[in-house]
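Student: 3D model of this:
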Amino acid sequence: MTMLKSEHLELTGIYVPAKRRNALEPEKIEELAESILEDGQKVPIQVRRDAKKGFILVNGAHRMEAVKLLGEETIEAFIVREGNYSL
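Tutor: Below is the predicted model:
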């Protein structure tokens, strides 16, 4: 089994599908932002590479929005292959 290594990616280079954007809960984003501010980002988001869009978010929309809320420009992420989304 290969261990995934997280990378810091530019938030502007990550496309969030509408289905994930529409499921966002503002209260959860604020709670996560407070947690990240106090303890740092504990769990990287998951993205996959896309030839047209750069990276597409697979898992972690709330974490991504929380990091944006904190004014960050990058986020810690695992780059996964299609069909390999669970850790």
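Student: just checking, residue 20 touches residue 61?
Tutor: Yes: because the distance of 4.3 Å satisfies C-beta atoms under 8 Å, residue 20 is recorded as touching residue 61. In this view, the C-beta of every residue, glycine as well, is placed from N, C-alpha and C.
Student: list the buried ones in stretch 75-84?
Tutor: 75, 76, 77, 78, 79, 80 (16 or more other C-beta atoms under 10 Å).
Student: any idea how far the second one is from residue 14?
Tutor: Spelled out, that is residue 76. Plainly put, residue 76 is 12 Å away from residue 14 if you go by C-beta to C-beta, to the nearest Å.
Student: joint contacts of those two?
Tutor: residue 45 (C-beta atoms under 8 Å, 6 or more residues apart in numbering).
Student: out of residue 20 and residue 61, which sits in the more crowded spot?
Tutor: residue 61 (21 against 18; other C-beta atoms under 10 Å).
Student: do you know the pLDDT at the more buried one?
Tutor: Residue 61 is assigned a pLDDT of 97 by the prediction.
Student: that one against residue 22, yeah?
Tutor: No: assessed by C-beta under 8 Å, residue 61 is found out of contact with residue 22, at 9.6 Å.
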